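1. the following comprises the amino acid sequence and a computationally predicted model.
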Amino acid sequence: MPYRGVMDLGAFGEWWTSQYWGSVADWVGAIVTTGALFWAFLVFRSDRVRASHAEADRFTSYIVSTTHDLTFSTAKFEFFNAGDTPVPLAYLVTCQMSGNNGTPLRADGGYVFRPGAGTSFRVRLARHSNDTFNYVYFQDSHGRTWLRDIATGKYVSLRRQTRGPWLRYQGSPRARWEQFVQNQKERPLQR
């Protein structure tokens, strides 16, 4: 009778026992080697992430002062590229209860922050500045994009970054921001 997919356990058992599977020392050596390769990969990846964060940390952003009047607050922001490579693109993104606002950052008359370049300016905010979230969105010289909370200095996670609609647009900083604003008018940003 022809073979119809039914496994012959006797033949499989003979094949299984006829194979040389090595000694316990061979198995332990293989597992340790695989683990060492995996560990080396994790260490290499961790070093790469630390190096990219160190480069991004060289683009500094902070709030110098905040003044309050009866209806508004005014915050003075400063941005500086202390790194060795240029920052080709940077935005200040301000999220308030009244809506979102963004400003493409300029240094030395252009949008590229060369090493040692910086800028400072004032932005009018809603009266309660603790209802305002300020972010700096920038691109490093390797093309990686970063979104950092200016108040805490912490980076917004990649998952949350990809939800930010301003990341989808192409073109000059002004064109990107105009596309983002147009999108906000059509569909408000959900937080």
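-> Thanks, I have it.
2. so where's the longest helix in this protein?
-> helix 24-57 (DSSP state H).
3. what about that one, average pLDDT?
-> On average, the pLDDT along helix 24-57 is 90.
4. and the next element down the chain from that helix?
-> strand 59-68 (DSSP states H and E).
5. tell me what that next one is packed against?
-> Where contact means 3 or more C-beta pairs under 8 Å, 6 or more residues apart in numbering; DSSP states H and E, strand 59-68 is packed against strand 72-81, strand 133-139. C-beta: built from backbone N, CA, C; applies to glycine.
6. what do you get if the cut-off is 6 Å, keeping everything else the same?
-> With contacts taken as 3 or more C-beta pairs under 6 Å, 6 or more residues apart in numbering; DSSP states H and E, strand 59-68 sits against strand 72-81.
7. list the helices and strands the strand it packs on packs on?
-> Partner elements for strand 72-81 (3+ C-beta pairs under 6 Å, 6+ apart): strand 59-68, strand 118-126.
8. now those in TSV, with mean neighbour count?
-> Output for the helices and strands packed on strand 72-81, formatted as TSV (neighbours: other C-beta atoms under 10 Å):
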stretch	mean neighbour count
strand 59-68	14
strand 118-126	15
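9. reformat the ones you listed as JSON lines; add distance to Val24.
-> Below are those laid out as JSON lines (distance: least, C-beta to C-beta, whole Å):
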{"stretch": "strand 59-68", "distance to Val24": "54"}
{"stretch": "strand 118-126", "distance to Val24": "63"}
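10. so which of those comes closest to Ser141?
-> Set against Ser141 and scored by C-beta to C-beta, the helices and strands packed on strand 72-81 come closest in strand 59-68, at 10.2 Å.
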